[in-house]
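> with the input below, show me the fold.
(chains A and B, ligands or ions: 1)
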Amino acid sequence: MANTNDAFSADIALEPYWTAARDGRLLFKHCRACDRPHYYPRPLCPFCMSADTDWREASGDGTIYSWSVERRASPPFAIAFVKLAEGPTLMTAIVDADLDNISVDQKVTLKFEERNDTPVPVFTPAS
Amino acid sequence: MTIKGKAFIAGVYEHPTRKAEGIPIAQIHAEVARGALDDAGLTLQDVDAYYCAGDAPGLGGLSIAEYLGIQPRHIDTTETGGSSYIVHVNHAAQAIAAGKCKVALITLAGKPRTGGAQPGRAPLAIQPPDAPFEAPFKPSVLNIYAMCARRHMHEFGTTSEQLAWIKVAASEHAQHNPHAMLKSVVTVEEVVNSPLVADPLHRLDCCIISDGGGALVVVAPEIAAQLKRPKVSVMGAGEAIKHNNGGEIDITYSAGRWSSAKAFEEAGVTPDDIKYVSVYDSFTITVLMQLEDLGFCAKGDGGRFVADGNLISGVGKLPFNTDGGGLCNNHPGNRGGMTKVIEAVRQLRGEAHPAVQVSNCDIALAHGTGGFLGTRHGSATLIMERS
Ligand SMILES: [Zn+2]
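Modelled structure (predicted):
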């Protein structure tokens, strides 16, 4: 898989997303025409194709929709779908967690981690 | 327009290899093409339509058509992962019904075991739009399907023991298949006690990785009438895709819910009429979710439905994957749709292994899922009849 950097440097529409990510803020898209949020972000709304979309900032609160621990990896890691408080569900990682004690509906909190020199949104169990 | 009764599956062939060291993918395409044409009683000169998917190297259909030496007047290289070949049967039947061709050849070949290809997909030349938002988290076929299983367990109380029954049934069938990679019968205990590879899936919840290929020949009724082999007609087919829908996700069901509804409607039958089902089995959870989506039981009841040997031929109500399926027999190119159709045709012809042959098998269903069940996938359903 290509370095994620390649994509963001080549995609002008995503510049606000990566700029916010470097500040530790997660942005998603909201469509003014149909009033629905979406993720991953696109300039044209995937529900109505309107170009009248704007960026919104996630609060950072979410709940685990589903998860799995890849046990054969070294070290093992947790992948998850997390539902943001604002609605959209995104693919992410659960980090700084006891991998034997992750559960569906668990409350989690946003943080950013560098992967391939790119800040990406990951989640930790809420305290 | 309907395709019901307007096309026949006249030839099928499953390559016997499971390890194709030193044999290029193009050669496997040619060998399975010859096998399916021989089976039908047709020759390369009869072929006027060609279908293949993302497993074909180079320029895909162009490169393999050249290698085979055919000059088709109809070509379709629709790529929906492992379900492509079931989609191809649907498209071939549509083209035949529209008078665009009379003899359609469909081929698959892949070498994930010795060729080093990534499971589940061909190398990607251009990064897909989802990659920056998913690739950093290392999604794999394994952990994505595992998340489907986890959510299904959470919502419906499905258990690892219930999932294990699917592998047990596949292994009961595979013991009779001399070509199967795994011929040993396993127990529920052995499955749930095998190592966790991606919670909640265990090693024995997973399919095998094998080299190989397969081919199908779909023909017009007037061609079928001249052939000697038992006749299998296309009754109905449906296809659908499902994706993450802008972040509004529900991974407890697949696009099979939609593809099967179209197929049953076109065929004019219901799940109660199906005597045998071939259903894609990359993992045990794949089978369970698809059986629900196909309507063999209610959503959420899959665990109870597959338990206690209900999928074992001669034992349960719904015999499935009597060749041992991808879980035990063969999974060429990490793509399941081709072998699913082949075993269903064997059952309808009465040519399955006698130990697993379903008696009075007059209507069968083959169903495939391609891509990733928990993110984006294509489903295809095909209903066939012995005529
Ligand atoms: Zn919109």
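> contacts, neighbours, all on C-alpha from now
Noted.
> what score does residue 22 have for pLDDT?
Because you didn't say which chain, this covers chain A. At A:Arg22, the model reports a pLDDT of 97.
> um, chain B though
We have a pLDDT of 91 for B:Gly22.
> tally of neighbours for it?
Neighbours of B:Gly22 under the rule other C-alpha atoms under 10 Å in any protein chain shown: 8.
> same question, B:Ala30
21.
> distance of it from chain A?
Distance, B:Ala30 to chain A, by C-alpha to the nearest C-alpha, to the nearest Å: 31 Å.
> grab the nearest non-local neighbour of that residue.
Nearest in space to B:Ala30, with sequence neighbours left out and distances taken as C-alpha to C-alpha, 6 or more residues apart in numbering or on different chains, is B:Leu68 at 5.9 Å.
> strands along the stretch 251-387 of chain B, start to end?
Applying DSSP state E, counting those that start in this stretch to the stretch 251-387 of chain B gives strands spanning B:276-279, B:363-371, B:377-386.
> pLDDT of the shortest one, averaged?
The reference is to strand B:276-279. 98.
> which strands and helices sit next to that strand?
On a contact count with 3 or more C-alpha pairs under 8 Å, 6 or more residues apart in numbering or on different chains; DSSP states H and E, strand B:276-279 meets helix B:284-293, helix B:337-349, strand B:363-371.
> who wins for proximity to chain A among these?
helix B:284-293 (13.8 Å; C-alpha to the nearest C-alpha).
> test my guess that the residue nearest to B:Ala30 contacts B:Ile28.
No - look at B:Leu68 against B:Ile28 with C-alpha atoms under 8 Å: they stay out of range, at 10.6 Å.
> who's more crowded, those two?
B:Ile28 (24 against 17).
> need the contact list for that one.
Taking C-alpha atoms under 8 Å, 6 or more residues apart in numbering or on different chains, we find B:Ile28 in contact with B:15, B:109, B:212-213.
> so it, which state does it fall into?
Assigned with DSSP: H, G, I helix; E, B strand; the rest coil, B:Ile28 falls in the helix class.
> can you pull the pLDDT of it?
You'll see B:Ile28 listed with a pLDDT of 96.
> next, format the strands of the stretch 251-387 of chain B as CSV and append mean neighbour count and distance to the ion.
What follows is the strands of the stretch 251-387 of chain B, written out as CSV (neighbours: other C-alpha atoms under 10 Å in any protein chain shown; distance: least, C-alpha to the ion, whole Å):
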stretch, mean neighbour count, distance to the ion
strand B:276-279, 27, 36
strand B:363-371, 28, 27
strand B:377-386, 27, 23
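> for these, which one sits closest to B:Ile251?
With C-alpha to C-alpha as the measure, strand B:377-386 is the member of the strands of the stretch 251-387 of chain B nearest B:Ile251 (11.1 Å).
> so how far is the closest one from its chain's centroid?
9 Å (C-alpha atoms, centre = their mean, to the nearest Å).
> what's it packed up against?
Judged by 3+ C-alpha pairs under 8 Å, 6+ apart, strand B:377-386 is in contact with helix B:84-97, strand B:232-242, helix B:256-267, helix B:337-349, strand B:363-371.
> pairing partners for that strand, with directions?
Partners of strand B:377-386 in the sheet, by DSSP bridges, are strand B:232-242 (antiparallel), strand B:363-371 (antiparallel).
> which residues of chain A lie near chain B?
A:1-2, A:4, A:7-8, A:37-40, A:46-47, A:65-72, A:79-80, A:87-93, A:104, A:115-116, A:120 (C-alpha under 8 Å from any C-alpha of the partner chain).
> tell me the residue of chain B that sits nearest the ion?
Residue of chain B nearest the ion, by C-alpha to the ion: B:Gly246 (10.4 Å).
> distance of that residue relative to chain A?
Taking C-alpha to the nearest C-alpha, one finds B:Gly246 at 5 Å from chain A.
> contacting residues around the residue nearest to that residue when sequence neighbours are not counted?
The shortest distance from B:Gly246 to any non-neighbouring residue, by C-alpha to C-alpha, 6+ apart, is to A:His38 (4.7 Å). Residues near A:His38 by C-alpha under 8 Å, 6+ apart: A:28-31, A:45-46, A:88, B:246-248.
> mind checking which of these are buried?
Among the contacts of A:His38, those classed as buried by 16 or more other C-alpha atoms under 10 Å in any protein chain shown are A:28-31, A:45-46, A:88, B:246-247.
> just the helices in chain A please.
Using DSSP state H, the helices of chain A run over A:4-10, A:15-22.
> packing partners of the helix or strand where B:Ala109 lies?
Element membership for B:Ala109 (DSSP states H and E) is strand B:103-110. Packing partners of strand B:103-110 (3+ C-alpha pairs under 8 Å, 6+ apart): helix B:25-40, strand B:49-51, helix B:84-97, strand B:212-219.
> for chain A, which residues are neighbours of the ion?
Contact residues (C-alpha under 5 Å from the ion) of chain A with the ion: A:31, A:34, A:45, A:47-48.
> what's across from the residue nearest to B:Gly246 in the sheet?
Beta bridges link A:His38 to A:Lys29, judged by DSSP bridges.
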